[in-house]
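**Student:** Based on what follows, work out the 3D shape:
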Amino acid sequence: MPEVEDARDAENLVRSTSADGDPEMFRFKARKQGDTWIVTYNTQELLGAINKHEVHIEARTGNMLTIK
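**Tutor:** Take a look at the predicted model:
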């Protein structure tokens with residue numbers, strides 16, 4: 001995995017995990033805390049419920065550490 005240098009890289013990495021047919025991801029926010037990027041975003045279910053997600057990414061390696 002390449003180094004994650006900025007918020008756009010972090011967001012693009014999270015978007016790349018979405019497969020066809022997955023709910024659309026929206027309202028992205030990325031911030032850096034130490035050597036970790038924290039990306040939050042929402043998805044919406046068919047019945048209208050909005051789910052909040054959080055992904056932690058190691059900035060130097062681009063590895064996803066935690067997905068909530």
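
**Student:** next one: stretch 24-31 to chain centre, how far?
**Tutor:** 7 Å (C-alpha atoms, centre = their mean, to the nearest Å).

**Student:** which of the residues in that stretch are buried?
**Tutor:** By neighbour count with 16 or more other C-beta atoms under 10 Å, stretch 24-31 contains the buried residues 25, 28, 30. Using the backbone N, CA and C atoms, a C-beta is placed for each residue, glycine as well.

**Student:** and stretch 57-68, what's its mean pLDDT?
**Tutor:** Taken as a whole, stretch 57-68 carries a mean pLDDT of 91.

**Student:** what sits up against that stretch?
**Tutor:** 1-5, 10, 13-14, 17, 32, 35-39, 53-56 (C-beta atoms under 8 Å, 6 or more residues apart in numbering).

**Student:** Let me see the confidence value for the residue most central in space within the chain.
**Tutor:** Against the mean C-alpha coordinate of the chain, by C-alpha atoms, centre = their mean, the closest residue is residue 14 at 3.7 Å. As predicted, residue 14 sits at a pLDDT of 94.

**Student:** So it belongs to a strand, correct?
**Tutor:** No - counting by DSSP: H, G, I helix; E, B strand; the rest coil, one finds residue 14 to be helix, located in no strand.

**Student:** Can you pull the poorly scored residue ranges out of this protein?
**Tutor:** Counting by pLDDT under 70, the chain shows low-confidence ranges at 1.

**Student:** same thing but at 80, please
**Tutor:** 1-2, 20-21 (pLDDT under 80).

**Student:** residue boundaries of the helices in it?
**Tutor:** Per DSSP state H, the chain carries helices over the ranges 7-15.

**Student:** now the strands for it?
**Tutor:** Here the chain has its strands, by DSSP state E, at 25-33, 36-44, 50-58, 64-67.
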